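>>> Based on what follows, work out the 3D shape:
(2 chains)
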Amino acid sequence: MEIRRKKQISDLAEYIATEDGDYGIPVNVIKIAEDNDISYSFNDYGNYFDGLLEQEDGHFHIYINDYGKLLKSSVRTRFSFSHELGHYFIDEHRMILENGNSLLHPSFYMMHQKESVEKEADYFASCLLMPEKTFLKFCQNFFSYEIIREIQESFQVSLSAALFRYIDLGAIPITVVCVKKGIIQYDWHSVDFPYPYLNKDYTKKVPLLTCAGDYFTNEVVCDKTEDVDAKEWFRSYDDISELTVHEKCIYQKKFDTTISILWFD
Amino acid sequence: METKKLQNTNFEAELSSALKSAGYIFPTTDKEAEYFLEQSEDIDVPDKYKTCNFIFDESDRALDIIKGTHVDNQKAKQNWAIAARHGRNIPQDILDKMKHDKDNSPKK
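Okay, here's the model as predicted:
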């Protein structure tokens, strides 16, 4: 998404969350819907969608799939609810729906356009749940995993949502690496992170002498933040041989997945 | 590093705001509009537009223009559309459940 578009969406979400009404922190997304005459329901809708915004005869209704177990206050339902609010508040999305055209069916949009619409709604959700001005109060001149935990608790968002927002707004540049079954799945970094390219070849195997590598090789769990040779994660840089990088590894054993947060002093 | 990041983030927005304030593209905020008006000369409103009587004067060309921009909203009042997060084709039993939930939702 281009920077100007992100700014537009961020400003819109910031206005709705903080100036259009008193929605507090964590942001009361249900009240935002009520104040805008959007009705809603939570129920188990199988595996057919996480959230859905319906427009019928000019009236909007949000359906949230609780899969028969999720609470209204869970981070997943809150994010889905905010995502659907994004489709309502972003003019271009709402106008498509008001004209009777759905965003659901792939034949209506080319795939990349559909993805961009979903990305915009995701970005809106992130900005609505974590308004920039309030979020920046959590960003210190140093980084620690505790800051992310505080963000999660205060804004009632998931770990990944908190990390994405921190990558976008945080004062200290970080890289986040998601590894599943020993294979690097994704990595994201702040725009000013000094070493943006990870040490990975075509196999995408996680480097061995890292917290994540140690877990998948030796099943060793590091509870604390560890100092790792930076060349293990970022081998392709010439000036990195003497550096260490902080790594906080979060283990999601149920999914055989780790999330590593990397940052320098 | 922080300064560089801020510069990158704000440059396009600042440029856009400057162009709007100078009237090169349409202002979209009160501040931009105020600045633009400060820079602009006052233009007298033509006599015939100083009251709203021209709206009812059928011989006035302006009325035709207004008629021409009218959009019939009936289409929007009789339609149905959805946007789904991680959505797939929804079977009839789930659609029925959704309709029931909507009909019984707190607000409609």
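>>> so where do the helices sit in chain A?
A:3-18, A:29-35, A:75-89, A:91-98, A:111-129, A:132-136, A:145-155, A:159-169, A:211-218, A:230-233 (DSSP state H).
>>> tell me the most buried of these?
helix A:75-89 (a mean of 25; mean count of other C-beta atoms under 10 Å in any protein chain shown). Just so you know, the C-beta spots here come from the backbone N, C-alpha and C atoms, and that holds for glycine as well.
>>> Comparing the helices of chain A by mean pLDDT, which bottoms out?
Ranked by mean pLDDT, these bottom out at helix A:111-129, with a mean of 82.
>>> Who are the packing partners of that helix?
Using 3 or more C-beta pairs under 8 Å, 6 or more residues apart in numbering or on different chains; DSSP states H and E as the contact test, the elements touching helix A:111-129 are helix A:3-18, helix A:29-35, helix A:75-89, helix A:91-98, helix A:159-169, strand B:80-85.
>>> picking up where we left off before, may I see the helices of chain A organised as CSV, with distance to B:Asp42 added?
As requested, the helices of chain A are exported to CSV (distance: least, C-beta to C-beta, whole Å):
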stretch, distance to B:Asp42
helix A:3-18, 31
helix A:29-35, 39
helix A:75-89, 36
helix A:91-98, 32
helix A:111-129, 40
helix A:132-136, 37
helix A:145-155, 48
helix A:159-169, 43
helix A:211-218, 67
helix A:230-233, 63
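>>> now for the ones you listed, which one comes closest to A:Cys249?
The closest of the helices of chain A to A:Cys249 is helix A:211-218. By C-beta to C-beta, the value is 3.8 Å.
>>> could I get that closest one in CSV with only the CA atoms?
Provided in CSV are the C-alpha atoms of helix A:211-218 (Å, rounded to 0.1, in the frame of the first residue of the first chain):
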residue,chain,number,x,y,z
CYS,A,211,16.9,-19.1,19.5
ALA,A,212,14.4,-20.3,16.8
GLY,A,213,17.0,-22.6,15.3
ASP,A,214,17.8,-24.1,18.7
TYR,A,215,14.2,-24.8,19.3
PHE,A,216,13.6,-26.7,16.0
THR,A,217,17.0,-28.5,16.2
ASN,A,218,17.4,-29.3,19.9
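>>> Can you give me every residue that contacts the residue nearest the centre of chain A?
Nearest to the mean C-alpha position of chain A, counting by C-alpha atoms, centre = their mean, stands A:Ala161 at 2.8 Å. By C-beta atoms under 8 Å, 6 or more residues apart in numbering or on different chains, the contact set of A:Ala161 is A:75, A:79, A:126, A:129-130.
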